[in-house]
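**Student:** for reference, the sequence and a predicted model appear below.
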Amino acid sequence: MDEIVHGVADVEDLIQDVTIRPAQNIGCEVRPLFATGSARGQSTLAPWIGQAGSVTVTLAPTMSLAADGESRLRTSNVWRPMVKSMAINIARRKFIATLGGSTLAWPLAASGQQYVLPVIGFLSDVTPEAFAHSLTGFRHGLSEMGFTESRNLAIEYRWSRGNYDIVTDLAIELIHRQVAVIVTSGSQSVTHAAMAATTTIPIVAMVIGEPDKRGLVTSVDQPSGNVTFVSLSTFTNNALVAKRVELAHQLVPKVAIVGWLVDPNILDYDDELNGLQRATQGLGLEAKVAPVASERDLQGAFASLVEQGAGFILESGPTIFSHRAQVVTLAARSSSPMIYEWRDFVSDGGLMSYGTNRAEVARQAGIYAGRILKGEKLSNLPDAQSAKFEFVLNLKTARALGLAIPDRLLALANEVID
């Protein structure tokens, strides 16, 4: 009867060098747990296929194996914190891994063969915490194409965390990492940085607004160059601004002044401003604008809108989204009704939102990235825009603000949080 041994050896602080010697009748395969390299080099893995049984050893990156009869596996100190465990499954023979000076039995059947996992570069101007929900959607899209991070795909993440001054450097880092495709998310600065860094690596850009009007693409129907787009809204985003103004006016019809808390780095800032002014003027309202170029501007910009008498406030832009918990708190403290672009704000205690599902848009970006990794031409991936919009209400927040939600608004809501 085959004997299976399952062992997990904690090696976070132990692995420096592991000696590997050949053994008989044991086959194995080595797969990296993460695909990152030392000094921005490429990660490698070597398959070892034997005659009988199988062994799967999962290791952390920065490793190379040479079949010279007595080989050495080395993990650099840079990546040692990522080395969490070695999971060892052995058929037909016991295989004992005792780390720190011990020996691993290994067949050396496929000498000299090396593989590199495909790598996606992900560039964003928000924080990883802010993008967490959307990142789940992105990974789902990749999974639909047969790719799973850390199994047969690596993703190099670069987050500027609202610092636009470093976006270009982050894009260049991804080029040096020799990624197969770049996915961008955030303001036009992120997409511009990626496009300036490479004209050959395919780029899948998640944007808001009209990329053709900003010179990012010649046509939204036929991709040209090395970039295609997945839009977080309609390509004419002004319609969404007008709809948010309409919904807010239905909730608080006596308000005379509308505030706009906005990141001026967004792709369609001028168009959205014009859309806001037309929508408010059509309802006999006045619009006030407070730019938020970075986190340090947030509190002062919000206070200025309150001081100017804004009865309800809209928001736009990645800087606002990255600090949505702070924005929701400021709105609660000042008893200011707000309507947001994304459902995430409402989940965090915001009053209401109208926009697309970010996770679904990210899923589409993941599908496009997966199709590119499979060899599909960028010209076969036309710019895509979301066709589904969600109106979400938070009744608990409405009660805290002393607002009664009209029945007609409740009837329009796709989701009500209580």
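**Tutor:** Happy to help now that I have it.
**Student:** what is the burial count for Thr200?
**Tutor:** Per other CB atoms under 10 Å, the neighbour tally for Thr200 reads 7. The C-beta positions use only the backbone N, C-alpha and C, and glycine is treated the same way.
**Student:** and it, what pLDDT?
**Tutor:** Confidence at Thr200, expressed as pLDDT, is 95.
**Student:** find the nearest non-adjacent residue to it, please.
**Tutor:** Using CB to CB, 6 or more residues apart in numbering and skipping the chain neighbours, the partner closest in space to Thr200 is Asn226 (6.1 Å).
**Student:** and that neighbour, how close does it get to Lys243?
**Tutor:** Taking CB to CB, to the nearest Å as the measure, Asn226 falls 34 Å from Lys243.
**Student:** list the contacts of the residue nearest to Thr200.
**Tutor:** 195, 198-203, 378 (CB atoms under 8 Å, 6 or more residues apart in numbering).
**Student:** drop anything exposed from those.
**Tutor:** Neighbour-count burial (16 or more other CB atoms under 10 Å) applied to these gives 195, 198, 201-203, 378.
**Student:** shaky segments in this structure?
**Tutor:** 1-115, 209-223, 233-238 (pLDDT under 70).
**Student:** could you rerun that using 80?
**Tutor:** The chain contains residues with pLDDT under 80 at 1-115, 208-224, 232-239, 266-268, 385-388.
**Student:** how is it divided into domains?
**Tutor:** Using automatic domain parsing, the domain parsing of the chain gives 5-105, 119-233+358-385, 238-355+389-417.
**Student:** what about the helices in this protein?
**Tutor:** Taking DSSP state H to define them, one finds helices in the chain at 132-144, 167-176, 188-197, 238-251, 269-282, 298-307, 318-322, 324-333, 343-347, 358-373, 395-400, 407-412.
**Student:** a markdown table please, covering the ones you listed and showing distance to Ile155.
**Tutor:** Below are the helices of the chain laid out as a markdown table (distance: least, CB to CB, whole Å):
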| stretch | distance to Ile155 |
| --- | --- |
| helix 132-144 | 9 |
| helix 167-176 | 11 |
| helix 188-197 | 15 |
| helix 238-251 | 30 |
| helix 269-282 | 30 |
| helix 298-307 | 30 |
| helix 318-322 | 20 |
| helix 324-333 | 24 |
| helix 343-347 | 21 |
| helix 358-373 | 9 |
| helix 395-400 | 35 |
| helix 407-412 | 38 |
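**Student:** Val258 is nearest to which of the ones you listed?
**Tutor:** Nearest to Val258 among these is helix 269-282; the distance by CB to CB comes to 5.1 Å.
**Student:** can you pull the buried residues of that closest one?
**Tutor:** For helix 269-282, the neighbour count (16+ other CB under 10 Å) marks 269, 271-273, 275-277, 279-280 as buried.
**Student:** including distance to Glu415, could the buried ones among the contacts of Asn226 go into a markdown table?
**Tutor:** Listed next are the buried ones among the contacts of Asn226 as a markdown table, based on distance: CB to CB, whole Å:
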| residue | distance to Glu415 |
| --- | --- |
| Met195 | 36 |
| Thr198 | 40 |
| Ile201 | 38 |
| Pro202 | 35 |
| Ile203 | 33 |
| Leu378 | 35 |
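**Student:** out of these, list just those in strands.
**Tutor:** Ile203 (DSSP state E).
**Student:** list the contacts for Leu283?
**Tutor:** Each residue near Leu283 by CB under 8 Å, 6+ apart is listed here: 245-246, 249.
**Student:** do that again at 10 Å, thanks
**Tutor:** Taking CB atoms under 10 Å, 6 or more residues apart in numbering, we find Leu283 in contact with 242, 245-246, 248-249, 253, 255-256, 258.
**Student:** one more: Ser134?
**Tutor:** Contacts of Ser134 by CB under 10 Å, 6+ apart are 124, 126, 185, 206, 232, 321, 342, 344, 357-363, 365-366.
**Student:** quick check: the gap between it and Ser185.
**Tutor:** 7 Å.
**Student:** any shared contact partners between those two?
**Tutor:** 124, 126, 206, 232, 358, 361-362, 365.
**Student:** which residues does Met352 contact?
**Tutor:** So Met352 contacts 244, 247-248, 251, 312, 337-340, 343, 345-346, 391-395, 397-398, 403, 405, 409, 413, 416-417 (CB under 10 Å, 6+ apart).
**Student:** so it versus Ile320, what's the distance?
**Tutor:** Counting by CB to CB, the gap from Met352 to Ile320 is 15 Å.
**Student:** and what of Glu272?
**Tutor:** In terms of CB to CB, Glu272 sits 13 Å off from Ile320.
**Student:** I'd say Glu149 and Arg139 touch.
**Tutor:** Yes - counting by CB atoms under 10 Å, Glu149 does reach Arg139; the two are 6.2 Å apart.
**Student:** and the buried residues of helix 269-282, which is closest to Ala287?
**Tutor:** Once CB to CB is applied, the member of the buried residues of helix 269-282 that ends up nearest Ala287 is Thr280, at 4.5 Å.
**Student:** is that closest one in contact with Trp260, as I believe?
**Tutor:** Yes - taking CB under 10 Å as the definition, Thr280 is a contact partner of Trp260 at 9.3 Å.
**Student:** now do the shared contacts for those two.
**Tutor:** With CB under 10 Å, 6+ apart as the test, Thr280 and Trp260 both reach 241, 245, 287-288, 314.
**Student:** closest to Gly162 out of these?
**Tutor:** Leu314 (19.6 Å).
**Student:** so that closest one bridges to which residues?
**Tutor:** Trp260, Ile339 (DSSP bridges).
**Student:** got the buried residues for stretch 125-144?
**Tutor:** 125-127, 130-131, 133-135, 137-139, 141-143.
**Student:** to clarify, my last question referred to stretch 403-418.
**Tutor:** 403, 405, 409, 413, 416-417.
**Student:** okay, the residues you listed in CSV with distance to Ser304 next?
**Tutor:** Listed next are these as CSV, based on distance: CB to CB, whole Å:
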residue, distance to Ser304
Leu403, 23
Ile405, 28
Leu409, 28
Ala413, 31
Val416, 32
Ile417, 29
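**Student:** of the residues you listed, which is the nearest to Tyr164?
**Tutor:** For these, the nearest to Tyr164 is Ile417 (32.7 Å; CB to CB).
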